[in-house]
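S.K.: one predicted model, sequence on top.
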Amino acid sequence: MNAPAEIDLRALAGKPFDLLQAIERRCLELVQVSSADGGETSEWVGIGFKMGEETMLVIRDDIREVMMLPDSMSRVPGAKPWVRGLANLRGHLLPIVDLRQYLGGGVTKESRAARVLVLNSREFPVGVLVDEVYGFRRFLNSEFSADIPQMAIRCERYLSGAFARNNDFWPVFSMSTLLATQDFQHAGEQ
């Protein structure tokens, strides 16, 4: 198969819709050429987030939605300090947990960048507070390594490997491992 036909994208600068269509056609042609040449096209998609000074990924399917930190939360008497409280999410109560504080890395500041990752779990509906969300991150499967990188926040037992690209490492945080942890499930003071 031949390389995709060159499209002069600069000529479409004044026509945004036509420009987007041309970019889409070019991307589809590149995928077809890559597949025909035996190139790898399977990719892994996750959500990038920041916790403290660490950047990490979570599997896209583990997250139901990303929301801003609610304006008001009800404190839960007798809960461990890392339980921030209960928030009303469209008529449903959602526990909000400070992930960094749970892992012993300090309290997450309530800033404009802070976000809550609502986990995709019917059994344990919970929102996890993080410092910032970077959005979707895509990697080729060949960029994955099962090696667990050393982290400043002690969370290695929740990591399932990392993706590496251009000397940047993106550890993959396993929310399913977090949800299965007995200490996380029992958030009441003891």
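M.R.: That came in fine, so what should we check first?
S.K.: sketch out the low-pLDDT regions of the chain for me.
M.R.: 1-7, 28-41, 189-190 (pLDDT under 70).
S.K.: ok, which stretches of it are helices?
M.R.: All helices of the chain, identified by DSSP state H, fall at 16-36, 99-102, 175-180, 182-185.
S.K.: ok, which of those comes nearest residue 111?
M.R.: Among the helices of the chain, the nearest to residue 111 by Cβ to Cβ is helix 99-102 (12.6 Å). Bear in mind the C-beta positions are built from the backbone N, C-alpha and C, glycine included.
S.K.: name the helices or strands packed onto that closest one?
M.R.: In terms of contacts (3 or more Cβ pairs under 8 Å, 6 or more residues apart in numbering; DSSP states H and E), helix 99-102 is packed against strand 127-130.
S.K.: how about the helices of the chain in CSV, adding distance to residue 135 and mean neighbour count?
M.R.: Converted to CSV, the helices of the chain look like this (distance: least, Cβ to Cβ, whole Å; neighbours: other Cβ atoms under 10 Å):
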stretch, distance to residue 135, mean neighbour count
helix 16-36, 18, 13
helix 99-102, 18, 22
helix 175-180, 17, 17
helix 182-185, 26, 12
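S.K.: which of these sits closest to residue 138?
M.R.: Shortest distance between residue 138 and the helices of the chain, using Cβ to Cβ, is found for helix 16-36: 12.3 Å.
S.K.: residue nearest the centroid of this structure?
M.R.: residue 47 (2.4 Å; Cα atoms, centre = their mean).
S.K.: for that residue, name its beta-bridge partners.
M.R.: On the basis of DSSP bridges, residue 47 is bridged to residue 58, residue 136.
S.K.: thought it was touching residue 63?
M.R.: Yes: counting by Cβ atoms under 8 Å, residue 47 does reach residue 63; the two are 5.6 Å apart.
S.K.: all set, thanks.
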